[in-house]
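1. test case, fold it:
(chains A, B and C)
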Amino acid sequence: MDTTKKTIILFSGDLDKAMAALIIANGAAAMGDDVTIFCTFWGLNLLRKDYHVKVSGKSFLQFMFGKMMPRGARKFGLSKMNFCGLGAPLMKKVMKDEGVMSIPELLTAAREQGVKLIACTMTMDVLGLKKEELFDDVDYAGVASYLGMADEANVNLFI
Amino acid sequence: MDTTKKTIILFSGDLDKAMAALIIANGAAAMGDDVTIFCTFWGLNLLRKDYHVKVSGKSFLQFMFGKMMPRGARKFGLSKMNFCGLGAPLMKKVMKDEGVMSIPELLTAAREQGVKLIACTMTMDVLGLKKEELFDDVDYAGVASYLGMADEANVNLFI
Amino acid sequence: MDTTKKTIILFSGDLDKAMAALIIANGAAAMGDDVTIFCTFWGLNLLRKDYHVKVSGKSFLQFMFGKMMPRGARKFGLSKMNFCGLGAPLMKKVMKDEGVMSIPELLTAAREQGVKLIACTMTMDVLGLKKEELFDDVDYAGVASYLGMADEANVNLFI
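-> This is a model prediction of the structure:
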């Protein structure tokens, strides 16, 4: 085992949980660790482009899932005190006032530090998300790859 | 430490989180790992028989908890986009369309692969769940047993 | 690596999740482990004094966050079946009936067993929580310290 590897499963599509995942990932990468964020279910939305991408081959339900899920973290809500969507912009304002990086900035930093962003292919199929809808630099993998990485890491979190 | 052991605490009683837990567990078991799912709090409902079991010795509050909590994963809702219960059947439909195993199928596979399903006895006491209400092949343990297993495992997740 | 160290990130401010964290922490400490609970985001509220503390230097939004977030775990709600706040007292009643320790009791036990309670300074800044508002025996640290502790631990959970 290698004490310089970390994996995070990002299951959640909440602003605050995605922030926690990215802050831990950036912190570990800054200390020289190999970090992987494996995005699954609602966490996949972290990797979505923030504009509409025309794709074909979605079922009606997948089309609806795609419509209703947030396109990128800018549209994420809070897991607590969301107040029908009002909580997220307030949280972002306090974060900015306090000089805390926003999610897009954290994502950029993560990329620059070599944090691997992986989209779970199985949940992409379920939710009908296509590669064209996700960032171009995303990797694709399934649970077996995740487990392979987790076996080599010494910290594995599910967020 | 043994790189072939994994533990998952399933705290959540959401369809999507239970799916994530079971997919990881089945994946790891398929790779030859010893996997334990330790079900606690709402996650205990994953282990409930889906029909009413007459038991005695419940307080009024425990009786009400038992009534209101889902009997088995078939009645689980989604952690996001549940739309008052409408989200779960839609999610199940997309899963079926995409050839993804359902929770009952994942549970069967997990059993066949030797994944250990453990019910947390302390939260059973709190929620008033009796052994007769849970699957017959469930094991029973407390936090000390969980910690013993986690100490021997190299991946420990809380879902 | 040392099999006698555990870390828990407590992100959640829910009664049931805080209980799970404290029960695991106390269990591990009872077995002789070094345990750290790193409280961040809503989990910080576990460490709040349960009375109003007059502090200055909060922005209007931070003042509002402070007002709306629970002062200590006694005011936490449930992550499920909260029924607009009714679920938590019912849960506490069943816990008491079953002889399960309450959160304040679990916190006291944790302290007596030497569990380290750490407040995440970055999210304190965001939410505007001041040291005067938190318990006097809390430690303060950031993500780098957390990662240092996680590297030395063999079980690291995110709750």
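
2. OK, contacts around the most centrally placed residue in chain A?
-> In chain A, the C-alpha nearest the mean C-alpha coordinate belongs to residue A:46, at 3.7 Å (Cα atoms, centre = their mean). Shown in contact with residue A:46 (Cβ atoms under 8 Å, 6 or more residues apart in numbering or on different chains): A:10, A:13, A:18, A:39, A:72-73, A:76, A:103, A:107. (Glycine included, C-beta is placed from N, CA and C.)

3. which of those residues fall within strands?
-> Within these, residues falling in strands by DSSP state E are A:10, A:39.

4. the contacts of residue A:46 also near chain B: which ones?
-> residue A:13 (Cβ under 8 Å from any Cβ of the partner chain).

5. give me the lowest-pLDDT entry from the contacts of residue A:46.
-> Sorting those by pLDDT puts residue A:73 at the bottom of the list (92).

6. got a list of what the nearest residue to that one once chain neighbours are set aside touches?
-> Nearest residue to residue A:73 in three dimensions, chain neighbours excluded: residue A:103, at 4.0 Å (Cβ to Cβ, 6 or more residues apart in numbering or on different chains). If a contact means Cβ under 8 Å, 6+ apart, then residue A:103 has A:15, A:18-19, A:22, A:46, A:73-74, A:76 as its contacts.

7. now flag whichever of the contacts of residue A:46 is closest to chain C.
-> The nearest member of the contacts of residue A:46 to chain C, counting by Cβ to the nearest Cβ, is residue A:10 at 10.6 Å.

8. show me the contacts for the closest one.
-> Residue A:10 sits in contact with A:17-18, A:21, A:37-40, A:43, A:46, A:159, where contact means Cβ under 8 Å, 6+ apart.

9. nearest to chain C among the residues you listed?
-> Nearest to chain C out of these is residue A:159 (Cβ to the nearest Cβ; 5.4 Å).

10. burial check on the closest one, number of neighbours?
-> 20 (other Cβ atoms under 10 Å in any protein chain shown).

11. so residue A:7 touches residue A:39, yeah?
-> No. If you go by Cβ atoms under 8 Å, residue A:7 and residue A:39 don't touch, sitting 11.6 Å apart.

12. ok so residue A:105 is a helix residue?
-> Yes. Under DSSP: H, G, I helix; E, B strand; the rest coil, residue A:105 falls within a helix.

13. mind listing what's buried in the helix or strand hosting residue A:7?
-> Secondary structure assignment for residue A:7, by DSSP states H and E: strand A:5-10. Residues of strand A:5-10 classed as buried: A:5-10 (neighbour count, 16 or more other Cβ atoms under 10 Å in any protein chain shown).

14. quickly note the distance from the residue nearest to the centre of chain A to residue A:105.
-> Counting by Cβ to Cβ, to the nearest Å, the separation of residue A:46 from residue A:105 is 14 Å.
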